[in-house]
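Trainee: Below is the sequence, then the predicted model.
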Amino acid sequence: MTDLSADKRPSDSSITIPQLDDHQSRPLMAKMVRLLRELGGLKEIERFRQNLRLPQEALRLSRRVFQLYDEYLGYVLKKLRGKGWQVYCVPGCSACCCCMPAGVSNWEFLIIYDHLQQDGQLSRYFRRNLESCQVLARVSGQLFDGWARKGSADKSRYDRLLHNYSLAEHPCAFLDESQKCQIYSVRPLSCRMHFAFTPPELCDPTHPQFAQAVRLSLNPHGDVDEELQKMDSSLNLGISDLLAPGLVSLTANVLRFSPIL
């Protein structure tokens, strides 16, 4: 793991994203991988595009995957605090929630969709995410098909799109009036892994010290990403990996507001 000692400053070029792969974190990742493989092996996953149905077992396995990842995060954050770093992310803070979550897997979209469907909130949050898509279209000048990363050649364009969206300061569609996340229990990994180690006001992309802030993504390691990519290939939903356009496309074009359980 990267040495984030207390005497470093946010502008230090030596600060990189920590990848904690040791005797305690490695088993957590291994369990996540086993569960994701079990998920990917369900016959309903391979047949999803034909049947548009999932078993309850799929949701149980998914909840356990998220629980294991949260255990990993707790372990990493404890290690970082032990090195003298303060984590500024606390319940109720939404300082980074004007960014568009990217890299959301097909599976995570299905879990979010079912959560909204079960709560009777799907139509409401579909409309709110559609508003986010309109903001994204305004800052990008592109239609939905242009919002999926298609390769490394498009990375700079993709990153610029996300940065321009954050500058619009449009709050996440899932924040309520008190700035609480309404899909917190099923939020995607791209939201779970993001932490700030400098005051929350520096998370504002318009802040003059935005570039000097320390914001780390505590990514899962091992074969977690590979297993999620395999499931994406099996599901083959053909949607963007950006939260708002991906959910809108899944809801309107793939599932058409129908329950999947």
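Mentor: Arrived safely.
Trainee: can we go C-alpha only for contacts and neighbour counts from here?
Mentor: Noted.
Trainee: And the strands in the stretch 51-200 of the chain, which stretches?
Mentor: Residue ranges of the strands in the stretch 51-200 of the chain, as given by DSSP state E, counting those that start in this stretch, are 194-196.
Trainee: Below-threshold pLDDT in it: ranges please.
Mentor: 142-153 (pLDDT under 70).
Trainee: from what I can see Arg61 touches Arg37, true?
Mentor: Check again: residue 61 is Leu, not Arg. No: counting by C-alpha atoms under 8 Å, Leu61 stays clear of Arg37, with 10.2 Å between them.
Trainee: need the contact list for the closest residue to Leu130 other than its chain neighbours.
Mentor: Once its chain neighbours are removed from consideration, Leu130 has its nearest residue in Val248; the separation is 6.4 Å (C-alpha to C-alpha, 6 or more residues apart in numbering). Neighbouring residues of Val248 by C-alpha atoms under 8 Å, 6 or more residues apart in numbering: 126, 129-130.
Trainee: What helix or strand is Val248 located in?
Mentor: With elements delineated by DSSP states H and E, Val248 resides in helix 243-249, which encompasses its position.
Trainee: Which stretches in the stretch 151-261 of the chain count as helices?
Mentor: Defined through DSSP state H, counting those that start in this stretch, the helices belonging to the stretch 151-261 of the chain, from first to last, are 155-167, 189-192, 224-235, 243-249.
Trainee: Which strands or helices does the third one pack on?
Mentor: Put plainly, it is helix 224-235. helix 25-40, helix 43-46, helix 106-119 (3 or more C-alpha pairs under 8 Å, 6 or more residues apart in numbering; DSSP states H and E).
Trainee: Return the set of buried residues in it.
Mentor: Across helix 224-235, burial judged by 16 or more other C-alpha atoms under 10 Å covers 224, 227-228, 231-232, 234-235.
Trainee: The lengthiest helix in the chain vs helix 106-119, what angle?
Mentor: Using DSSP state H to define each element, the chain has its longest helix at helix 56-82. Going by axes from the mean of the first three to the mean of the last three C-alpha atoms, to 10 degrees, helix 56-82 is angled at 110 degrees with respect to helix 106-119.
Trainee: Buried residues in helix 56-82, which are they?
Mentor: Neighbour-count burial for helix 56-82 flags 58-59, 61-62, 65-66, 68-70, 72-73, 76-77, 80 (criterion: 16+ other C-alpha under 10 Å).
Trainee: Columns distance to Leu202 on top of these, output as TSV?
Mentor: Putting these into TSV (distance: C-alpha to C-alpha, whole Å) gives the following:
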residue	distance to Leu202
Ala58	39
Leu59	36
Leu61	37
Ser62	33
Val65	31
Phe66	28
Leu68	30
Tyr69	26
Asp70	25
Tyr72	26
Leu73	22
Val76	22
Leu77	20
Leu80	20
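Trainee: between those, which is nearest Leu116?
Mentor: Closest approach between the buried residues of helix 56-82 and Leu116, by C-alpha to C-alpha: Leu59, at 13.6 Å.
Trainee: ok, how many other residues are close to the residue found closest to that closest one once you drop the neighbours it is linked to in the chain?
Mentor: Nearest non-adjacent residue to Leu59, counting by C-alpha to C-alpha, 6+ apart: Ile111, 7.3 Å away. Number of residues near Ile111 (other C-alpha atoms under 10 Å) recorded here: 19.
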